[in-house]
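[1] my questions are about this predicted structure, shown below with the sequence.
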Amino acid sequence: MNPRWVTTCLPLLFLSFANAGILYPRVSETREQISLDGLWNFATSSPTQKHDSTWYLRNFRAVDGLEVDLMAVPSSYNDIGTGFEIRDHVGLVWYQRDFVVPKSWQSGKVWIRFSSVCYSATAWINGEEAVSHSIGHLPFQADVTSLVVYGARNTITVAVDNILTNSTIPEGYIEELNSGRQKQQVTFDFFNYAGIDRPVVLYTTPSTYINDVTVTTDFDGTNGFVSYDVFLVGSDAVTARVSLLDKEGNEVAVDTLLNSTLFVQNVNLWWPYLMDPSPGYLYTLQIQLLDSSGELWDKYSQPVGIRTISWNENTLQINNKPVYLRGFGRHEDSAIRGKGLDLPLILRDHNLIKWIGANAYRTSHYPYAEEIMDLADQLGIMIINECPAVGLIHLGTPELLENHKQSLTEMYNRDKNRPSVIMWSAGNEPASSDPQATDDHFREVFAHIHDLDPTRPVTVINFNGRHDNQGGEYIDVIGFNFYTGWYQDTGELDVVVTNLVAEGQRLRGIYNKPVMVTEYGSDTQEGLHILPSFVWTEEYQNELISKFFQGFDQMRDDGFIGEMIWCFADFKTDQSVNRVGGNKKGIFTRDREPKASAHLLRKRYWALAEVLDNVEVPDDVNEYIIGN
Ligand code: GCB
């Protein structure tokens, strides 16, 4: 045995309460996994039915009068059917399926993990409640070791509720329509998709297991440092072996403590896309627990990017180099699937992001699937990671505040180790009608996220809405959404540059913090052309964004750190008279084909990369759009 492997007897039971681990489930020599994705039985019901009886614990197909359909997991349920009932459903829906747990799983622990259910969910296994959770877009799990039967068939039933209230994250309320129907009103414009929209897995761990790991990184010249904290649950004495592997799988550092710093010579730093010929370099932190005889007890591998983030009143820096963010606001949205995870789609999206030369995006307006975040880590895309607090109104109410903080905690627990996450966003466009409430609410929210994570800056987009400086001392970066030339001064392209620069300077003046535009743009129907340009045409979108480019370039040397267009792709919204088939501010159509603006933005982003990152632009980007 390696002499550096020492036995560490830890107060393990104590640790089990100290940390709420939500590690991404990975198969290893000690961990197995079964996917529960596929077609589930599916039924809708009225909200009151939940409390009627325990009808839902029976086989759906045997419940008299219950109409049972099939539903794909993962997917939003709304656009799978053909009727209004399912698309516009308000309240509970029910999912059910059978699964078999292998006999061999009896020796350890069995977990069920949902990557996201929108919005609240309760799951029963064989009639026993297994887990309940209430914030969408975030994972949750439960130990179901004592609920499942081994070597036999089990049944899982999941109740999913899409109702949003004035204390949920995000907020909403139910309106009685003239028709007598109920409608879920929301404080955002994207379609209110719901369902089991990300993968569901069963997985195993040993009884003493790695519950969580927190990693922070640093470097000094060519030396890299990976500090880690491994949290165990269990009660046995174990031996630890924690090693760092490079991309080729070579061990470059090793330690025997559960909490230590690994030192890496000739470090390969994690760099953003186009800032280095090999952006997104990932090491693997391999954590092994061994029993007293040296047998492998548990093993978990965590990807690690070694990089630093620093910020001051003028700049945001990765590895001590100022970065200029060029990217998008985006949505998880596509035809039929809604917000359901779709691997071909997310790959196409990231191929388009590389093609266009972007280096960043914001997860507007909720945390995206872990598989999406994996791509960002691997490609070197910088992420402003936004919690689901979009359009909060009831600021100052204790329950909303608690839920808001909880959404940040859960997002942090899930994504804390991701190198791509360079900033937290505690929300988008909160209402500002009550400045006192805004101040109190956000003072607590910022303190909370800064306590969780002192290593990353924090923003709220359009903080305080009207940009007065209530609470501004707690915010690190000012992100603002600015629709001059669209919602304001519609059709008035001549005022765009002046309005934009004036707003940027005003915000700089108030906060003295780095400032960036997190949304700008215009709805554009692909294929619609009018000369001279007219709102909704491809010409207008191009002319409007060209004006913004001029404004951005005027601000760039004065604490202006980024531009994100709204939006990456067209997306579905609720029915409304100012949305024709959805929000059409996409640079790409909903099926991910370029509008004219995508080609223009590509020239802009590659020109910025050439000037700021010193890269060669691709041969087919033959015209540079930068400044004037
Ligand atoms: C905004 C919102 C975004 C909307 C966008 C729009 O300010 O943040 O969610 O989609 O405006 O197009 O109206």
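    Noted; the coordinates are in hand.

[2] mind giving me the domain split of this protein?
    For the chain, automatic domain parsing gives the domain ranges 33-205, 209-304, 359-481, 496-628.

[3] quick one: mean pLDDT over the first one.
    So the one you mean is domain 33-205. Throughout domain 33-205, pLDDT has a mean value of 94.

[4] is the ligand contacted by it?
    Yes: judged by CB under 6 Å from any ligand atom, domain 33-205 comes into contact with the ligand through 188-189. Yep, even glycine has a C-beta here, placed from its N, CA and C like the rest.

[5] going forward, begin numbering at 116 instead of 1
    Sure, I'll start counting at 116 from here, so that last one is domain 148-320.

[6] that domain: how far from the chain's middle?
    21 Å (CA atoms, centre = their mean, to the nearest Å).

[7] that one: end-to-end distance?
    End-to-end span of domain 148-320 (CA to CA, to the nearest Å): 10 Å.

[8] and Asn500, what is it in contact with?
    Contact analysis of Asn500 by CB atoms under 8 Å, 6 or more residues apart in numbering lists 478, 482, 526, 530, 536, 538-540.

[9] what sits closest to it if chain neighbours are left out?
    Nearest residue to Asn500, sequence neighbours excluded (CB to CB, 6 or more residues apart in numbering): Val536, at 4.7 Å.

[10] tell me, how many residues neighbour that neighbour?
    Counted with other CB atoms under 10 Å, the neighbours of Val536 add up to 25.

[11] can you list the residues of the stretch 616-743 of the chain near the ligand?
    Contact residues (CB under 6 Å from any ligand atom) of the stretch 616-743 of the chain with the ligand: 634, 681, 698, 700.

[12] and the residues you listed, which two are the farthest apart?
    Farthest pair in these (CB to CB) is Glu634 and Asn698. Separation: 11.3 Å.

[13] Gly619 sits in which helix or strand?
    Following DSSP states H and E, one finds Gly619 within helix 611-626.

[14] could you tell me the average pLDDT over that helix, please?
    pLDDT averaged over helix 611-626 gives 95.

[15] tell me the most buried of the domains of the chain?
    Burial of the domains of the chain is given as mean neighbour count (mean count of other CB atoms under 10 Å); domain 474-596 ranks first at a mean of 21.

[16] and the pLDDT for Asn134?
    Per-residue confidence (pLDDT) for Asn134: 47.

[17] er, Asp555 actually
    82.

[18] contacting residues for Gln669?
    612, 616.

[19] make sure Arg705 is actually in contact with Phe686.
    Yes: contact status for Arg705 versus Phe686: in contact at 6.6 Å, counting by CB atoms under 8 Å.

[20] quickly list what's touching both of those two.
    With CB under 8 Å, 6+ apart, Arg705 and Phe686 have common neighbours 448, 697.

[21] so what's the nearest residue to Thr639 once chain neighbours are set aside up against?
    Of all residues not flanking Thr639 in the chain, Gln656 sits nearest, at 4.0 Å (CB to CB, 6+ apart). Going by CB under 8 Å, 6+ apart, Gln656 touches 636-637, 639, 710-712.

[22] list just the nearest of those residues to the ligand.
    Closest approach to the ligand among the contacts of Gln656 (CB to the nearest ligand atom): Gly636, at 7.1 Å.

[23] isn't that closest one up against Lys700?
    Yes: look at Gly636 against Lys700 with CB under 8 Å: they come within range, at 4.3 Å.

[24] next one: phi and psi at the residue nearest to Thr639?
    Backbone torsions of Gln656, given as degrees, to the nearest 10, read phi -60, psi -40.

[25] quick check, pLDDT for it.
    So Gln656 comes in at 98 (pLDDT).

[26] and the gap between it and Trp601?
    Separation of Gln656 from Trp601 (CB to CB, to the nearest Å) stands at 10 Å.

[27] who touches both of the two?
    Shared contacts of Gln656 and Trp601, counting by CB under 8 Å, 6+ apart, come down to 636-637.

[28] measure stretch 707-714 end to end?
    End-to-end distance for stretch 707-714, by CA to CA: 13 Å.

[29] wait, stretch 620-631
    Stretch 620-631 end-to-end distance (CA to CA) = 11 Å.

[30] pLDDT score for the residue in the stretch 566-715 of the chain positioned nearest to the ligand?
    Closest contact between the stretch 566-715 of the chain and the ligand, by CB to the nearest ligand atom, is at Asn596 (4.2 Å). Predicted confidence (pLDDT) at Asn596: the value is 96.

[31] was I right about it contacting Glu544?
    Yes: judged on CB under 8 Å, Asn596 makes contact with Glu544 at a distance of 6.7 Å.

[32] anything in contact with each of the two?
    Counting by CB under 8 Å, 6+ apart, the common neighbours of Asn596 and Glu544 are 576-577.

[33] which residues of the stretch 566-715 of the chain score low on pLDDT?
    By pLDDT under 70, the low-scoring segments of the stretch 566-715 of the chain are 579-587.
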